[in-house]
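**Q** What follows is a predicted structure for the sequence shown.
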Amino acid sequence: MALTLYLSATLRSHVPGYDPEKGVHVVLQEETTVAELCRHLNIPVDQVKIVMVNGKHGTLTHRLNRDDRVALFPPVGGG
Amino acid sequence: MSEEVMDPARRRVRVLTDARAAEMVKERDCTLHDIYTAALDADICPYRYLRNRETFSMKDQRVLFSSRVAVVGAGGLGGHVILLLARAGIGELVVVDPDRFDETNLNRQALSSVGSLGRTKAGEAARQVGEVNPAVRMVPHEARMTAANAPELITGSAVVVDALDNIPDRFVLEEAARSVEIPLVHGALAGLEGQLMTVFPEDAGLTQLYGKGSGRAHSPSSPEAVLGVPAFMPSLLGTLQAMEVIKIILDLHGVYRNKMLQVDLETGEMNAFTLDGG
């Protein structure tokens, strides 16, 4: 299945050539979890604090479907 | 005490200029804050607020001026928030920050300047607000907020603004806001991205954004340490936080409760995400 992943802030540096407007298109096996998606792309799971799937709050154990739009956010604390 | 002017939309408005208000302060041996309060109670618009109309009604302006807001952190976010709230017409500002300005603040912090290097941020906030809007009552605390003193620092405020620079302190402030039962307007940023959320005492709050563990303060691997904090996001997010304060005080729609407003200046996108319980 193919889906689109969007990354925020420092998570972007883990995907070489990441395009923040287009995200990254990933092809995975059916029912892959968000954590497995991260490991597939060498994104450290412990740096992911917020998971959004199709605009809804998700978790690292959420099982993904074809054409999902996944967004991952690290813990941002600056001011 | 007032005179009548026409605003740019050709509406007649009774106004009080600061020159006349200053004379009244001397005549009546009171503060400018007192004079503004009396003017607003009499439906007279302090002239400086003329261009707030009709976005803010006279009643709104009165409510804003009778409100106290606490801003914890007077750096990147806080500097903008403080100046905006002072211009908008909040009547009393509590500012908490133990730090002094240094040269690395000059890239983004609205209250910093070459002349203010070495001065305390809370003291400089009071000085600059005094120049922008001397009717605002300023309560600066040049002290570090702790779990012990936080409730006392923010009690009596209608809203507290989280303009801190690290996650553990944000949780301390959230707990204090819950204990004195006031809403907190959270903002945090790194690089060209930022996030905003308002937390009422009964809301799940910051655990929705950060999980249960608040982590280390000022970690070298944190996004803000790695990506830095250029000027643009503190300015934009500070504006959004100040507007959130106004919306809460005036009971307007569109407060970001249980939602994260995520702003990305690299893509030019703002997205509001609804969050589940923390």
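**A** Received it, and whenever you're ready, just let me know what you need.
**Q** neighbours around B:H80, how many?
**A** For B:H80, the neighbour count with other C-beta atoms under 10 Å in any protein chain shown is 26. To be clear about C-beta, it is placed using only N, CA and C from the backbone, and glycine gets the same treatment.
**Q** from what I can see it touches B:A110, true?
**A** Yes. If you go by C-beta atoms under 8 Å, B:H80 and B:A110 touch, sitting 4.9 Å apart.
**Q** hey, what's in contact with both of the two?
**A** Both B:H80 and B:A110 are contacted by B:234-235, B:238, under the criterion C-beta atoms under 8 Å, 6 or more residues apart in numbering or on different chains.
**Q** Select from those residues the one having the most neighbours.
**A** The most crowded member of those, judged by other C-beta under 10 Å, is B:G238 (29 neighbours).
**Q** who's in contact with the closest residue to chain B within chain A?
**A** In chain A, the residue found nearest to chain B is A:G78; the distance is 2.7 Å by C-beta to the nearest C-beta. Counting by C-beta under 8 Å, 6+ apart, A:G78 touches B:76, B:165, B:188-190, B:222-225, B:229.
**Q** what residues does chain A put near chain B?
**A** A:8-10, A:20-21, A:49-50, A:52, A:55-57, A:71, A:73-79 (C-beta under 8 Å from any C-beta of the partner chain).
**Q** Buried only: go through those residues for me.
**A** Among the residues of chain A next to chain B, those classed as buried by 16 or more other C-beta atoms under 10 Å in any protein chain shown are A:8-10, A:20, A:49-50, A:52, A:57, A:71, A:73-79.
**Q** Select the longest helix from chain B.
**A** For chain B, the longest helix by residue count, based on DSSP state H, is helix B:232-249.
**Q** Can I get stretch B:58-74 as PDB, trimmed to CA atoms?
**A** What follows is stretch B:58-74, C-alpha atoms only, in PDB (Å, rounded to 0.1, in the frame of the first residue of the first chain):
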ATOM      1  CA  MET B  58     -16.500  50.200  24.100                       C
ATOM      2  CA  LYS B  59     -17.800  47.400  26.400                       C
ATOM      3  CA  ASP B  60     -15.000  45.100  25.100                       C
ATOM      4  CA  GLN B  61     -12.400  47.800  25.800                       C
ATOM      5  CA  ARG B  62     -13.800  48.200  29.300                       C
ATOM      6  CA  VAL B  63     -13.600  44.500  29.900                       C
ATOM      7  CA  LEU B  64     -10.000  44.300  28.600                       C
ATOM      8  CA  PHE B  65      -8.900  47.200  30.700                       C
ATOM      9  CA  SER B  66     -10.400  45.700  33.800                       C
ATOM     10  CA  SER B  67      -8.500  42.400  33.200                       C
ATOM     11  CA  ARG B  68      -5.200  41.200  34.500                       C
ATOM     12  CA  VAL B  69      -3.100  38.800  32.400                       C
ATOM     13  CA  ALA B  70       0.000  37.000  33.500                       C
ATOM     14  CA  VAL B  71       2.800  36.300  31.000                       C
ATOM     15  CA  VAL B  72       5.400  33.800  32.200                       C
ATOM     16  CA  GLY B  73       8.500  34.300  30.100                       C
ATOM     17  CA  ALA B  74       9.400  37.600  28.600                       C
END
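**Q** can you tell if that stretch touches chain A?
**A** Yes. Stretch B:58-74 comes into contact with chain A (C-beta under 8 Å from any C-beta), by way of B:G73.
**Q** And that stretch, what's buried?
**A** Those would be B:58, B:60-65, B:67-74, for stretch B:58-74 by 16+ other C-beta under 10 Å.
**Q** ditto for stretch B:186-196
**A** Going by neighbour count (16+ other C-beta under 10 Å), the buried part of stretch B:186-196 is B:186-196.
**Q** Span of it from start to end?
**A** The first residue of stretch B:186-196 is 6 Å away from its last residue (C-alpha to C-alpha, to the nearest Å).
**Q** The nearest residue to A:L28 once chain neighbours are set aside: what's it in contact with?
**A** The spatially closest residue to A:L28, leaving aside those adjacent along the chain, is A:M1, at 6.0 Å (C-beta to C-beta, 6 or more residues apart in numbering or on different chains). Applying C-beta under 8 Å, 6+ apart to A:M1 gives the contacts A:27-30, A:32, A:64-67.
**Q** go on, A:R12?
**A** Each residue near A:R12 by C-beta under 8 Å, 6+ apart is listed here: A:18, A:20.
**Q** Which elements pack onto the helix or strand of chain A with the lowest mean pLDDT?
**A** Ranked by mean pLDDT, DSSP states H and E, the weakest helix or strand in chain A is strand A:56-58, scoring a mean of 94. Helices and strands touching strand A:56-58, by 3 or more C-beta pairs under 8 Å, 6 or more residues apart in numbering or on different chains; DSSP states H and E, are strand A:50-53, strand B:269-274.
**Q** one more time with 10 Å
**A** For strand A:56-58, the packing partners by 3 or more C-beta pairs under 10 Å, 6 or more residues apart in numbering or on different chains; DSSP states H and E come out as strand A:50-53, strand A:69-73, strand B:269-274.
**Q** How about the last one, which residues are buried there?
**A** Of the residues in strand B:269-274, those scored as buried under the neighbour-count criterion (16+ other C-beta under 10 Å) are B:F273.
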